[in-house]
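K.L.:
next one to model:
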Amino acid sequence: QVQLVESGGGLVQAGGSLRLSCQASGTIYRIYDMGWYRQAPGEQRELVATITFGGSTNYTDSAKGRFAISRDNAQNTIYLQMNSLKPEDTAVYYCNADILSHTPWIQRLYWGQGTQVTVSS
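P.N.:
Numbering: from 1, shown residues only. As a prediction, this is how the structure comes out:
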């Protein structure tokens, strides 16, 4: 059994900052790529940023220069530091992770439950 739990969402004024966290737990053998996605009301879920086990990162254009993804492999945790937030960043933010779990041995993508980020103008 593997779980991803996000935290750190909330309400912030435009120009402000938030830091999201996502911790994986359970029967984890290894975590490969991890990432953050978001879904605004009436929109499809979209990529925000990804990070490999070795720390290589990738960002969507709207996140470049404002958001920073990082991970702590010892804690099975990823973070998303979001600065200069805009009202259009308002969405539910989800983390995901490509995890090889044991008991039984299965590798697949897991998703967290999401955390709401609301940016007021």
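
K.L.:
what secondary structure does residue 34 sit in?
P.N.:
Secondary structure state of residue 34, per DSSP: H, G, I helix; E, B strand; the rest coil, is strand.

K.L.:
which residue comes closest to the most centrally placed residue in the chain once chain neighbours are left out?
P.N.:
Taking CA atoms, centre = their mean as the criterion, residue 36 is the residue nearest the geometric centre of the chain, at 2.9 Å. Nearest non-adjacent residue to residue 36, counting by CB to CB, 6 or more residues apart in numbering: residue 48, 4.3 Å away. Just so you know, the C-beta spots here come from the backbone N, C-alpha and C atoms, and that holds for glycine as well.

K.L.:
would you check that the one you found makes contact with residue 60?
P.N.:
Yes: in this structure residue 48 lies within contact range of residue 60 using CB atoms under 8 Å: 5.8 Å.

K.L.:
neighbour count winner among the two?
P.N.:
Taking neighbours as other CB atoms under 10 Å, residue 48 and residue 60 compare with residue 48 leading, 24 against 15.

K.L.:
what's near enough to touch residue 96?
P.N.:
Taking CB atoms under 8 Å, 6 or more residues apart in numbering, we find residue 96 in contact with 4, 34, 35, 37, 109, 110, 111, 112.

K.L.:
okay, residue 104: pLDDT?
P.N.:
pLDDT, residue 104: 87.

K.L.:
typo on my end, it should be residue 1
P.N.:
Residue 1 is assigned 89 on the pLDDT scale.

K.L.:
what of the one 10 residues further on?
P.N.:
Model confidence at residue 11, expressed as pLDDT, equals 98.

K.L.:
helix or strand: which one has the nearest residue to it once chain neighbours are set aside?
P.N.:
Among residues not flanking residue 11 along the chain, residue 118 sits closest, at 4.7 Å (CB to CB, 6+ apart). Remark: residue 118 resides in strand 115-120, with elements defined by DSSP states H and E.
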